[in-house]
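Visitor: Give the three-dimensional model of this entry:
(2 chains)
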Amino acid sequence: MLEDDNRNCGCMMNNFNMNYNMMNTNMTSSSDNNMSSCECDEFNQTREQMMERIKCLNFAIIELGLYLDTHVDDEKAICLHRKYCKEYRELTDKYQKVYGPLTIQFPCNKWRWIEEPWPWERGNF
Amino acid sequence: MWTYNKILEYPVNIKCTDPRLAKVIISQYGGPDGELAASLRYLSQKFGMPDQNAKAILNDIGTEELAHLEMVGAIVHQLTKNASIEEIEAAGLGPYYTDHGVDVYPQSAAGVPFTAAYIACKGDAIANLQEDLAAEQKARATYEKLIDLCRDNPDVLDPLKFLREREIVHFQRFGEALRGVQDKLAEKKFYMNCDNMNK
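Guide: Sure thing, here's the model as predicted:
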């Protein structure tokens, strides 16, 4: 029963959420965690810095996903996954509004999907 | 790169097993005009396209074909999952069962394993797009044959009809991309003499 609580978004997760929010407000710069937000001001990030962060988060989410597939009850990993997914969502949203869509699911007023060079032409890197 | 969405592009919900149908439908999984060949063809050809529209259409159709591959796999899986050994034998799937059980293996209806020889990358955008147009028509024709063979099973017919329609849309889009590439290649080229630029 405990196991199920951890796996689903039950009350256990709310605790994690609170912890995470506290963590977030208390520690803006660095700690033992090398995935903590980068030092530069979030609003002054260059395009390259934003993309670098998006790629880091993307890889971390993929890696945590694989790990969680075989370790579904690992609370620390679930907490990290939640944290990175949230930041990924916010950052990709911000990036895409300025630099154009990264996925076909991102809405545009004009069709910007074909504007940028493709990744195999060193676009978005 | 790709991310996985935990949804099928169009629902597959087959209530009765029927390995006879799985035996033929698997051709659209790993056969010569199947979804795997289609996806690999477009996703390999996209690198060599001369304009943005053609790159985008190959990239995006190649991506959709992966979703179709999953749908065809789901159809084959649901048609064989709870089949009895008698049903499997009666369907002529004894040899398949010997090597693959009821896993979904990329092969043609005749049992030929998937091969990259099904696809071409000719180093020529016009030749490649013409091949893509032909591929869509062959896939449409294959789906029509499968629809004939599955006429008594509405659960199977429904997703097959959807997949057939998608081939027609893809054919249309490839035709438009081809026209764009032809126009681009037919444009007059102007050259500037560098000696005159600094004067």
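
Visitor: which bits of chain A sit near chain B?
Guide: Residues of chain A lying near chain B by CB under 8 Å from any CB of the partner chain: A:Asn58, A:Thr103, A:Ile104, A:Trp113, A:Ile114, A:Glu115, A:Trp118, A:Pro119, A:Trp120. Bear in mind the C-beta positions are built from the backbone N, C-alpha and C, glycine included.

Visitor: go again using 6 Å as the cut-off
Guide: Contact residues, chain A versus chain B (CB under 6 Å from any CB of the partner chain): A:Ile114, A:Trp118, A:Trp120.

Visitor: so what's the second one up against?
Guide: Okay, so that is A:Trp118. Neighbouring residues of A:Trp118 by CB atoms under 6 Å, 6 or more residues apart in numbering or on different chains: B:Lys55.

Visitor: just to revisit the earlier point, just to be sure, which of the residues of chain A next to chain B are found in strands?
Guide: Counting by DSSP state E, no part of the residues of chain A next to chain B is found in strands.

Visitor: want to try CSV for the residues you listed, with pLDDT as columns?
Guide: CSV is the format used below for the residues of chain A next to chain B (pLDDT from 0 to 100):
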residue, pLDDT
A:Ile114, 93
A:Trp118, 94
A:Trp120, 93
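
Visitor: List just the nearest of these to B:Gly30.
Guide: A:Trp120 (26.0 Å; CB to CB).

Visitor: what about the closest one, how many neighbours?
Guide: 10 (other CB atoms under 10 Å in any protein chain shown).

Visitor: Quick check: of the residues of chain A next to chain B, which lies closest to chain B?
Guide: Nearest to chain B out of the residues of chain A next to chain B is A:Ile114 (CB to the nearest CB; 4.2 Å).

Visitor: Model confidence score at the residue nearest to the closest one when sequence neighbours are not counted, please.
Guide: Counting by CB to CB, 6 or more residues apart in numbering or on different chains, A:Ile114 lies nearest to B:Gln52, which is 4.2 Å off, once chain neighbours are set aside. On the pLDDT scale, B:Gln52 is placed at 94.

Visitor: again, but for A:Gly123
Guide: 87.

Visitor: what about whichever residue of chain B sits closest to chain A, distance to B:Gly92?
Guide: Going by CB to the nearest CB, chain A is nearest to B:Gln52 of chain B, at 4.2 Å. As defined by CB to CB, to the nearest Å, B:Gln52 lies at a distance of 48 Å from B:Gly92.

Visitor: Who has more neighbours out of these two?
Guide: B:Gln52 (15 against 12).

Visitor: so the residue of chain B closest to chain A sits right up against A:Trp113, yeah?
Guide: No: B:Gln52 lies out of contact with A:Trp113 (CB atoms under 6 Å); the separation is 9.0 Å.

Visitor: low pLDDT regions in the chain?
Guide: Defaulting to chain A. Flagging of chain A using pLDDT under 70 yields the residue ranges A:1-43.

Visitor: that answer is for a different chain, and I need it for chain B
Guide: B:196-199.

Visitor: residues in it within reach of chain A, list them.
Guide: Near chain A, when you scan chain B using CB under 6 Å from any CB, you find B:Phe47, B:Gln52, B:Lys55, B:Ala56.

Visitor: any idea whether the last one is helix, strand or coil?
Guide: It refers to B:Ala56. State at B:Ala56, reduced to three classes by DSSP: H, G, I helix; E, B strand; the rest coil: helix.
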